[in-house]
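A.B. asks: got a structure for you, letters missing:
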């Protein structure tokens, strides 16, 4: 472990000397890369070179916690802020690899962690670290990286290492050897991808269960990487069907390799360059979904996300709980009504005259009633509710409306004897009847004479001496039913 010669309370702003050249590499240096290395990612790129710093925004070191904000020393269990390599070197000195990152460092130990303020949200950062015991990535990458949008607040998931830049390995420095340390230091730049957009970065040791081993990162600087592609903007999500939401956005880059769509915080799909619209299909009906879109460039990474926009896949309305109409009618004009359903723009009503085998549309609109006018027949009705997403299931009437000629009255009554020739003939009412026709026979039913036509169910007859028989039938606009004939004579 390095000797700490100088402890500072405030992190000094670091300036990069971009004109200096790094030292040549020592070919015998062994940069082992495997799953024993902290932050190991088999897909990460290891490069023998320097990270381009022109697109970096360096963060301010904020300390360990609200009660330890200025990096004051807490012994070996706190944080040290000092100068690398045990020897203070000027920026540009050969032993600093030509930059100022071998100057001020922050070293902390479990259970503490250091916080940096980047000034703005980002999803990609570079952490400049020191390998202080030799050319071993295990020494340089012993740090866990987290993002937060609240200083000292809860942090997101651990960041993923994507690139490692090795600035070069230099030989021991004579002044260091004179100190008896035998230590030498080299800077590396580790690029991490955060699982979200964050302003504050929290760094901790790699394994808090250990004491010094893999648990005392020396951090020279933390910086935000400017995106190499501009973020899409104006994202708009709109439901266009039961299972599809259409996304539209503005492409603000000319050099993207494509776009990535994220639904509800998770990656959904990758689209080719110059795409500005896409349909997200196969969704659940009546469900809320939120989206962001990023642009990406294969050479340098992914943009910050677009604005978030949300939409709900439509769902058709429910089924009306009832449909009502008369079971019979006498004039072909009656009203059909049904129960209301929420989320409706219209109702569709259909009629069947063959018991539900075939259906004819007769109404589409917002009303809950329909005045029906039909010719003679037997009719059944069904209704469904609709909106912009489609229509729900049908509600079909449980009975038919019968508009045909009425049946014969169930009975007809008159006396079997009379003394004065005046008596009443009556009959039972018949469904669908609008009038009744009454006839009389004086020859035992061989011939009949009409004597009454009207709505009444009785008739007062006056006759001369004789023997008489009566019959009646019910009628409406569809015609007349069968005759009901008296079983006796008067």
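C.D. replies: Yes, it's here. Fair warning: this is a prediction, and the values are worked out from it, not measured in the lab.
A.B. asks: centre-most residue in this structure?
C.D. replies: For the chain, the residue whose C-alpha lies nearest the mean C-alpha position (Cα atoms, centre = their mean) is residue 289; its distance is 1.1 Å.
A.B. asks: beta-bridge partners for it, please?
C.D. replies: Beta-bridge pairing of residue 289, defined through DSSP bridges, involves residue 311.
A.B. asks: can I assume it is in contact with residue 280?
C.D. replies: Yes. Contact between residue 289 and residue 280 holds when scored by Cβ atoms under 8 Å: they sit 7.3 Å apart. Bear in mind the C-beta positions are built from the backbone N, C-alpha and C, glycine included.
A.B. asks: rewinding a little: list the contacts for the residue nearest to the centre of the chain?
C.D. replies: For residue 289, the contact set (Cβ atoms under 8 Å, 6 or more residues apart in numbering) comprises 237, 245, 263-264, 280, 283, 310-313.
A.B. asks: buried stuff in stretch 394-405?
C.D. replies: Of the residues in stretch 394-405, those buried under the neighbour-count criterion (16 or more other Cβ atoms under 10 Å) are 395, 397, 400-405.
A.B. asks: closest one to residue 60 out of those, please.
C.D. replies: For residue 60, the closest of the buried residues of stretch 394-405 turns out to be residue 395, at 66.9 Å, with distances computed as Cβ to Cβ.
A.B. asks: residues contacting that closest one?
C.D. replies: Residues 319-323, 338, 382-384 are the ones in contact with residue 395 under the rule Cβ under 8 Å, 6+ apart.
A.B. asks: I'd like to know which of those are buried.
C.D. replies: Neighbour-count burial (16+ other Cβ under 10 Å) is assigned, among these, to 320, 323, 338, 382-384.
A.B. asks: how near is residue 238 to residue 279?
C.D. replies: Going from residue 238 to residue 279 by Cβ to Cβ, to the nearest Å gives 10 Å.
A.B. asks: which neighbours do those two have in common?
C.D. replies: Shared contacts of residue 238 and residue 279, defined by Cβ under 8 Å, 6+ apart, are found at 245-246.
A.B. asks: how far does stretch 396-409 stretch from one end to the other?
C.D. replies: Here the two ends of stretch 396-409 are set 31 Å apart, with distance taken as Cα to Cα, to the nearest Å.
A.B. asks: tally of neighbours for residue 411?
C.D. replies: Applying other Cβ atoms under 10 Å, we find 12 residues neighbouring residue 411.
A.B. asks: kindly report the same for the one 4 residues further on.
C.D. replies: By the measure other Cβ under 10 Å, the count of residues near residue 415 is 11.
A.B. asks: ok, it - contacts?
C.D. replies: Contacts of residue 415 by Cβ under 8 Å, 6+ apart are 423, 490.
A.B. asks: torsion angles phi and psi at it?
C.D. replies: Recorded main-chain torsions at residue 415 are phi -70, psi 160, according to degrees, to the nearest 10.
A.B. asks: next one: residue 226 from residue 254, what distance?
C.D. replies: With distances defined as Cβ to Cβ, the gap from residue 226 to residue 254 amounts to 16 Å.
A.B. asks: and those two? Which one has more around it.
C.D. replies: Looking at residue 226 and residue 254 with other Cβ under 10 Å, you find the greater number of neighbours at residue 226, namely 13 against 9.
A.B. asks: spatially, which residue comes closest to that one, not counting chain neighbours?
C.D. replies: Excluding its sequence neighbours, the residue lying closest to residue 226 (Cβ to Cβ, 6 or more residues apart in numbering) is residue 55, at 4.0 Å.
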